[in-house]
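Undergrad: Provided below for reference: sequence and predicted model.
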Amino acid sequence: SLLQENPGQRQYLLMSYSEDENLQDHLQDDIVKEALASGQDLREYSKQVEVELASSEQASIQDYISQAGNIAQLHNQISSCDGILARMENLLLSFQTDLGSISSEILNLQQESVDMNLRLKNRQGVRGELSQFVDDLVVTEQLISTIMETPVSEQQFLEQLQVLDHKIEFLKEQSFREARAAQDVKDVLDKLKIKAVAKIREYFLLKINQFKKPLANYQIPQNAMLRFKFYFQFLQKVNREVASEIREEYIDTMSKIMFSYFKSYSGRLAKLQFEESASREDLLGAEESQAKGFFFKPSLRNKTTVFSVGSRGEVLSLELEAPIIVPHAQQKTDQRYPYEMLFRSVQYALVDNACREFLFISEFFMLDTNTAQELFNNIFGKTLSILVKQTDSSITDSFDCISVFLCIHIVQRYQLLCHKRCVGGLDRYWENLTGVLWPRLTNVMQMNIVSVREFDTTRRKPADVRPHYSTRRYAEFSAAMVGINETFPHEQMNRLLALLQEEVEGLILRLASQFPTRKEQLLFLINNYDLVMSIVIERTKDDSKESETFREQLKARSEEFVSLVLENHFGNLIQWSKEAERKLDAGDLEGLRAEEKRVSTIIVDFSRDWKKSLDSINGEILSSFPNLKLGTSLLQQALTTLVQYYHRFSRVLGVAPLSQIAATSQLINIHQLMVEVKRYKPNF
């Protein structure tokens, strides 16, 4: 409050405070610190400093005076520089003003350039569209002269026709827009269109008429038509009536050509078929034909095999896509063919022609799949119908199952071939053919089954134990059908073969029952089962149902036959061994002791006759089987079984109380028996 009342006092205090701060700053100076540290009197030191300052001032004044001329010169130079800088400033200011005006001019020029570019772009756009419009609309002299005078078959006509087509389309477009320039060329283009349509119509009709010439190769004019397929596209655009006329004329002509060709071709091929064909007398159960005379010799030249496939199976492999049979060339050599070969030739000719035709009409007439199929049916309808009827007529009286089954597989393979060629136009035809072939095949198979079932074994007894002719027929027939069916299995055929196999097994048993002794029955069964199994395995896969069934039957009958043969020669030894083993297992030692006399007789008889019995078994078995391999196999099976029985016999005799029998000393060693058995081992 005192300070506020006395401002003078406050100012004095503030100054005193400021001086104190300055004093503190001076005390921090290095010189002051040095003076204080040396202990000098500050007043004297202050005077000394003032003297030195005065001396330095005088010296500095003298220096300035001595340099007065230079200083004056420096002043003049500085003044001159100031003038120069002033002029530079004026120049820069004027330059800045000029730059401002230039910048505005550049902006104006830039705007003018943008405007000019836009006007140029617009003019070029108008010029391009107008130029294209004029080019699309103007009818040139070259176009007129080419359409009017150049032949249709020339490449130049095709090129100018494409130009004409473009101008006609452009004229239609401009007519909708009501362009006045379009009316100037309309009459000229209409006249050129009429002329082009007339020339194209004449050209196509001429090419189609070339199909009708005798011995003409219609594929040549077809290729020419494909080359100029744009002509038909042009006709469809500008004159559908003429296009429809061309299409109908083509359909009518090709339909007649195909019908005539295949009717004639199939008819001439029919004359090349074997003169003798399978009949009811060629069923599996039919009676074997007898010779008609001493010098009678059946001729196979004019007859195909009925129960075996032989080389006929090549029709599904090597011959499937072989060249078709040429009738007039084969008639010169008097060569004959089975029905399936002729059937293949007709179907392969159909596949080639039909596939080419389907692809041609799809490409030339520019059709989708459904429309192409409809057009294809119009062309081939009559032809396919007559081929189905001819097939039905040909197989109606056929009793050759192999031939009909081969035809079914030919149909399957050709259907796949058509699909590989991307042609499905014949699918309905293949179905119709299959619908004709399968019923006939089923019918004839049923006839074969019935013929086997009704085979009269009492009237036609087997003459000996060798394989029966009906068994051989079945073996060949079954192997053929199974072999054909392996690549494209048919469940229906598998069922028919199973029924036939069942009947054949029953027939073999009925035939075997005609023999008075069980041995003869077994010999007959084994020979027949072996024949069937051998043929089926040789010509089909080893794991077929037929081979497996007869293998089991053969094994069972072989074991029974071996047991029967051994019982005839070593029956006592075998029977006693079985009985003794049962007693031994039951612990009946007293019962074994009671057999001493009986077993002694068995030992003596065996030791005396075993070699003779082995020779007898060898001769008996080998002479009973026409198949040496089968006989040898059964002989080895019999001898092996004999060794096993003798081993069992020796094992029982080694048990007390039989081991004490005196006759055991006459027993031969089992190794001796085995050495003797090896003498009968085959060398092949």
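TA: Received it, and whenever you're ready, just let me know what you need. Residues are numbered from 1 along each chain as shown.
Undergrad: please make it C-alpha for all contacts and neighbour counts, starting now.
TA: Will do.
Undergrad: my guess is Ser624 meets Leu630, correct?
TA: No: with contacts counted by C-alpha atoms under 8 Å, Ser624 stays clear of Leu630, the gap being 10.0 Å.
Undergrad: quick one, helices of the stretch 101-250 of the chain?
TA: Secondary structure of the stretch 101-250 of the chain (DSSP state H, counting those that start in this stretch): helices at 141-149, 155-176, 180-210, 219-227, 229-238, 240-270.
Undergrad: want to throw the ones you listed into JSON lines with mean pLDDT?
TA: Below are these laid out as JSON lines (pLDDT from 0 to 100):
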{"stretch": "helix 141-149", "mean pLDDT": "90"}
{"stretch": "helix 155-176", "mean pLDDT": "84"}
{"stretch": "helix 180-210", "mean pLDDT": "87"}
{"stretch": "helix 219-227", "mean pLDDT": "89"}
{"stretch": "helix 229-238", "mean pLDDT": "92"}
{"stretch": "helix 240-270", "mean pLDDT": "93"}
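Undergrad: from those helices, which stretch is densest packed?
TA: A comparison of the helices of the stretch 101-250 of the chain by mean neighbour count, using mean count of other C-alpha atoms under 10 Å, puts helix 229-238 on top with a mean of 19.
Undergrad: how far away from the center of its chain is that helix?
TA: Mean C-alpha position of helix 229-238 versus that of the full chain (C-alpha atoms, centre = their mean, to the nearest Å) differs by 38 Å.
Undergrad: oh, and call the first residue 52 from now on, that's how I've got it
TA: Got it, first residue is 52 now, which makes that one helix 280-289.
Undergrad: and it, C-alpha only, in PDB?
TA: Below are the C-alpha coordinates for helix 280-289, written out as PDB (Å, rounded to 0.1, in the frame of the first residue of the first chain):
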ATOM      1  CA  LYS A 280     -22.300 -72.400 -98.000                       C
ATOM      2  CA  PHE A 281     -22.500 -68.600 -97.600                       C
ATOM      3  CA  TYR A 282     -24.700 -68.600-100.700                       C
ATOM      4  CA  PHE A 283     -27.400 -70.600 -98.900                       C
ATOM      5  CA  GLN A 284     -27.000 -68.300 -95.900                       C
ATOM      6  CA  PHE A 285     -27.600 -65.300 -98.200                       C
ATOM      7  CA  LEU A 286     -30.700 -67.000 -99.700                       C
ATOM      8  CA  GLN A 287     -32.200 -67.500 -96.200                       C
ATOM      9  CA  LYS A 288     -31.800 -63.800 -95.500                       C
ATOM     10  CA  VAL A 289     -33.100 -62.400 -98.700                       C
END
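Undergrad: just checking, what packs against that helix?
TA: helix 206-227, helix 231-261, helix 291-321 (3 or more C-alpha pairs under 8 Å, 6 or more residues apart in numbering; DSSP states H and E).
Undergrad: which residues sit against it?
TA: The contact list for helix 280-289 (C-alpha atoms under 8 Å, 6 or more residues apart in numbering) reads Leu209, Asp216, Lys244, Val248, Ile251, Val293, Ala294, Phe415, Phe416, Met417.
Undergrad: and the residue nearest the centre of this structure?
TA: Centrality entry for the chain: nearest residue to the mean C-alpha point is Lys471, 9.8 Å, by C-alpha atoms, centre = their mean.
Undergrad: my guess is Ser529 contacts Leu548. True?
TA: Yes: at 7.4 Å, Ser529 and Leu548 qualify as touching, with contact defined as C-alpha under 8 Å.
Undergrad: what about the two, which has more around it?
TA: Neighbours were counted for Ser529 and for Leu548 using other C-alpha atoms under 10 Å; Ser529 has more, 25 against 20.
Undergrad: any idea how far the host helix or strand of that one is from the chain center?
TA: Following DSSP states H and E, one finds Ser529 within helix 520-536. On the basis of C-alpha atoms, centre = their mean, helix 520-536 is displaced by 33 Å from the centre of the chain it belongs to.
Undergrad: between the helices and strands packed on helix 280-289, which gets nearest to Lys629?
TA: Closest to Lys629 of these, according to C-alpha to C-alpha: helix 291-321, at 69.8 Å.
Undergrad: quick one: list the elements packing against the very next helix or strand once past that closest one.
TA: Sequence-wise, the next helix or strand downstream of helix 291-321 (DSSP H and E) is helix 378-384. Judged by 3+ C-alpha pairs under 8 Å, 6+ apart, helix 378-384 is in contact with helix 291-321.
Undergrad: okay, Met66: pLDDT?
TA: pLDDT recorded at Met66 is 58.
Undergrad: what about Arg730, neighbour count?
TA: 9.
Undergrad: brain fart, Glu537
TA: Residues lying near Glu537 (other C-alpha under 10 Å) number 12.
Undergrad: and the gap between it and Ile588?
TA: Using C-alpha to C-alpha, to the nearest Å, Glu537 is found at 13 Å from Ile588.
Undergrad: and Pro677, by the same measure?
TA: Noted for Pro677: a distance of 18 Å to Ile588, by C-alpha to C-alpha.
Undergrad: and the closest residue in space to Asn536 that isn't next to it in sequence, which of the three is it?
TA: Distances taken as C-alpha to C-alpha, 6 or more residues apart in numbering place Met544 nearest to Asn536, at 7.8 Å, with adjacent residues excluded. On the three-state scheme (DSSP: H, G, I helix; E, B strand; the rest coil), Met544 is labelled helix.
Undergrad: so what's Asp333 up against?
TA: Val357, Phe450.
Undergrad: the nearest residue to Leu410 once chain neighbours are set aside: neighbour count?
TA: Among residues not flanking Leu410 along the chain, Val474 sits closest, at 7.5 Å (C-alpha to C-alpha, 6+ apart). Residues lying near Val474 (other C-alpha under 10 Å) number 21.
Undergrad: check whether Val474 really touches Asn404, as I assumed.
TA: No: judged on C-alpha under 8 Å, Val474 makes no contact with Asn404 at a distance of 11.4 Å.
Undergrad: and what about Asn141, helix, strand or coil?
TA: helix.
Undergrad: that one: how many residues sit nearby?
TA: Using other C-alpha under 10 Å, the number of residues around Asn141 comes to 12.
Undergrad: before we move on, what about the one 10 residues further on?
TA: As a burial measure, Gly151 scores 11 neighbours (other C-alpha under 10 Å).
Undergrad: the one 4 residues further on now?
TA: Ser155 has 11 neighbours, counted by other C-alpha under 10 Å.
Undergrad: also Met496?
TA: Neighbour tally, Met496, other C-alpha under 10 Å: 22.
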